[in-house]
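In: this one's structure only:
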């Protein structure tokens with residue numbers, strides 16, 4: 001169903017799967033996982049369904065995670081992961097230069113897809129599933145030149161961060177927040193990660209560090225939303241338990257989108273869409289395939 005591929009990004013090899021039909025002009029959906037997950041933790045089922053619907057797919061692990069290279073291991077950096085999308089698209093444009101490109105993200109990477117889509121030229125559409133848009137609106141300025149500064153940071157800025165901008169290393173999830181605090185605190189997160197990450201071959205590890213570099217403009221979709229003129233679908237979880245998926249901020253980002261857009265709300269909170277098989281998964285993937293089919297129906 002897929003070919004194992006790799007491409008360079010920020011001094012490392014990112015590894016993933018290229019699902020490709022014989023027709024090279026098929027739209028290609030660039031997909032990656034959320035916080036500390038890997039390609040074999042439900043996102044692969046989304047990729048398989050999208051491929052079966054007639055689209056090509058490039059699914060990869062973020063730098064420092066899963067099968068991808070990079071140091072330090074298990075370090076999350078939003079700017080580095082956003083540049084990963086850029087380098088995945090560059091890889092595809094050499095391999096399939098005439099293929100329209102869609103960005104797809106889940107949770108933390110869904111918020112980053114809404115950033116990357118404005119910073120990478122000629123993105124055809126975006127699907128942002130349960131996107132992390134923030135606990136509150138980003139601090140600092142978000143208009144009046146903020147986007148131009150963001151582009152410069154994205155292209156050439158120093159985004160390494162340092163100890164003072166780093167949280168962890170610490171467990172990703174824990175069932176005992178009093179004695180063993182973790183990066184993600186809801187018990188639903190613990191249940192999902194232990195179930196899916198605990199499966200043989202997942203390459204998931206229950207520890208991580210998160211780096212949020214001090215930059216003039218935050219790596220946040222609220223800044224880029226007015227520059228997303230392509231079709232965008234936001235799929236959110238009703239009563240999402242993750243604090244960084246504040247529904248008011250998700251809606252604020254959606255309201256700033258300037259192109260064709262669709263807002264989909266599905267029961268099950270943050271992780272309902274990530275249990276497979278499930279009715280929530282089926283509803284989410286069917287809505288996503290319908291959206292993508294409509295975007296490309298005239299092609």
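Out: The structure has been received and is ready for your questions. Just so it is clear, the model here is predicted, and its values are computed rather than measured.

In: Count residues in the vicinity of residue 97, would you?
Out: Residues near residue 97, counting by other Cβ atoms under 10 Å, number 8. Glycine gets a C-beta too; all of them are placed from N, C-alpha and C.

In: Can you give me the distance of it to residue 83?
Out: Note on residue 97: its distance to residue 83, by Cβ to Cβ, to the nearest Å, is 21 Å.

In: was I right about residue 133 contacting residue 243?
Out: No. Between residue 133 and residue 243 no contact is recorded; they are 11.3 Å apart, counting by Cβ atoms under 8 Å.

In: Looking at these two, which one has more neighbours?
Out: residue 133 (28 against 13).

In: and the gap between the more buried one and residue 71?
Out: 29 Å.

In: again with residue 285
Out: 34 Å.

In: ok, those two, which is more surrounded?
Out: residue 285 (21 against 10).

In: quick one, phi/psi of that one?
Out: When quoted as degrees, to the nearest 10, the phi and psi of residue 285 stand at phi -70, psi -40.

In: and what of residue 44?
Out: Per-residue torsions, residue 44: phi -70, psi -30 (degrees, to the nearest 10).

In: Strands along the chain, start to end?
Out: Using DSSP state E, the strands of the chain run over 3-9, 12-19, 28-32, 56-60, 75-76, 101-106, 123-129, 166-170, 208-211, 232-237, 261-266.

In: Serialize these to TSV and add fields for mean pLDDT and distance to residue 276.
Out: Shown next, in TSV, are the strands of the chain (pLDDT from 0 to 100; distance: least, Cβ to Cβ, whole Å):
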stretch	mean pLDDT	distance to residue 276
strand 3-9	98	22
strand 12-19	98	17
strand 28-32	98	15
strand 56-60	98	15
strand 75-76	98	24
strand 101-106	98	12
strand 123-129	98	13
strand 166-170	98	28
strand 208-211	98	23
strand 232-237	98	15
strand 261-266	98	14
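
In: For those, give me a markdown table that also has distance to residue 147 and mean neighbour count.
Out: Below are the strands of the chain laid out as a markdown table (distance: least, Cβ to Cβ, whole Å; neighbours: other Cβ atoms under 10 Å):
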| stretch | distance to residue 147 | mean neighbour count |
| --- | --- | --- |
| strand 3-9 | 23 | 16 |
| strand 12-19 | 26 | 21 |
| strand 28-32 | 22 | 28 |
| strand 56-60 | 26 | 27 |
| strand 75-76 | 23 | 22 |
| strand 101-106 | 17 | 28 |
| strand 123-129 | 15 | 26 |
| strand 166-170 | 27 | 15 |
| strand 208-211 | 23 | 20 |
| strand 232-237 | 16 | 24 |
| strand 261-266 | 18 | 16 |
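
In: Dump those into CSV; add distance to residue 113 as well.
Out: Converted to CSV, these look like this (distance: least, Cβ to Cβ, whole Å):
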stretch, distance to residue 113
strand 3-9, 15
strand 12-19, 15
strand 28-32, 8
strand 56-60, 13
strand 75-76, 15
strand 101-106, 3
strand 123-129, 5
strand 166-170, 23
strand 208-211, 18
strand 232-237, 9
strand 261-266, 14
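
In: So which of those is nearest residue 221?
Out: Nearest to residue 221 among the strands of the chain is strand 123-129 (7.9 Å), distances taken as Cβ to Cβ.

In: what's the angle from that closest one to strand 232-237?
Out: Per axes from the mean of the first three to the mean of the last three Cα atoms, to 10 degrees, the angle that strand 123-129 makes with strand 232-237 is 10 degrees.

In: Give the partner strands of strand 123-129 in its sheet and their orientations.
Out: Strands that pair with strand 123-129, judged by DSSP bridges, come out as strand 101-106 (parallel), strand 232-237 (parallel).

In: Redo those as JSON lines? Include distance to residue 153.
Out: Converted to JSON lines, those look like this (distance: least, Cβ to Cβ, whole Å):
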{"stretch": "strand 101-106", "distance to residue 153": "19"}
{"stretch": "strand 232-237", "distance to residue 153": "22"}
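
In: how near is the nearest residue to residue 141 once chain neighbours are set aside to residue 173?
Out: Sequence neighbours aside, residue 217 is the residue nearest to residue 141 in space, at 7.4 Å (criterion: Cβ to Cβ, 6 or more residues apart in numbering). Applying Cβ to Cβ, the value for residue 217 to residue 173 is 31 Å.

In: separation between the nearest residue to residue 209 once chain neighbours are set aside and residue 253?
Out: Of all residues not flanking residue 209 in the chain, residue 168 sits nearest, at 3.7 Å (Cβ to Cβ, 6+ apart). Look at residue 168 and residue 253: by Cβ to Cβ, they are 26 Å apart.

In: that older thread, would you mind saying which of the strands of the chain lies nearest residue 157?
Out: Between those, strand 208-211 lies closest to residue 157; by Cβ to Cβ that is 13.7 Å.
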